[in-house]
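Asks: Model the structure of this input:
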Amino acid sequence: MMAITFDTLKFVEKLKAAGVPEGHAKAEAEALQDALTTSEVATARDVERLENKLELLRSDFNGKATLIQWMLGILMAGVMSLILKAFF
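Replies: Okay, the predicted model is just below:
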């Protein structure tokens, strides 16, 4: 993962142009710079890897869900045959 680059001078100048006091603008820029340098951002490759893993999990789950459906069907057929045998 990579960190975001951030132009603090440009940010301070925009805040000052909007009427924010210079000291406040500098403090905001420093706080934002700290937040951006300590956090990491996922790249397109990271997202692609995650999507691949999710697809593998999804296909594995779908296979198990089909097996569970078959098992449940056989179980229900067995229970129904016992019920029918008891009454007929």
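Asks: Can you get me a residue count around residue 84?
Replies: Neighbours of residue 84 under the rule other C-beta atoms under 10 Å: 9. The way it works is simple: take the backbone N, C-alpha and C, and place the C-beta from them, glycine included.
Asks: no no, residue 76
Replies: Other residues near residue 76 number 10, with proximity taken as other C-beta under 10 Å.
Asks: Please report phi then psi for it.
Replies: The phi and psi torsions at residue 76 (degrees, to the nearest 10) take the values phi -60, psi -40.
Asks: With the one 5 residues further on instead?
Replies: Dihedral pair for residue 81: phi -70, psi -40, per degrees, to the nearest 10.
Asks: cool, and residue 58?
Replies: The phi/psi pair for residue 58 (degrees, to the nearest 10) is phi -60, psi -40.
Asks: Quick check: it vs residue 78, distance?
Replies: Applying C-beta to C-beta, to the nearest Å, the value for residue 58 to residue 78 is 31 Å.
Asks: now residue 67
Replies: Distance, residue 67 to residue 78, by C-beta to C-beta: 17 Å.
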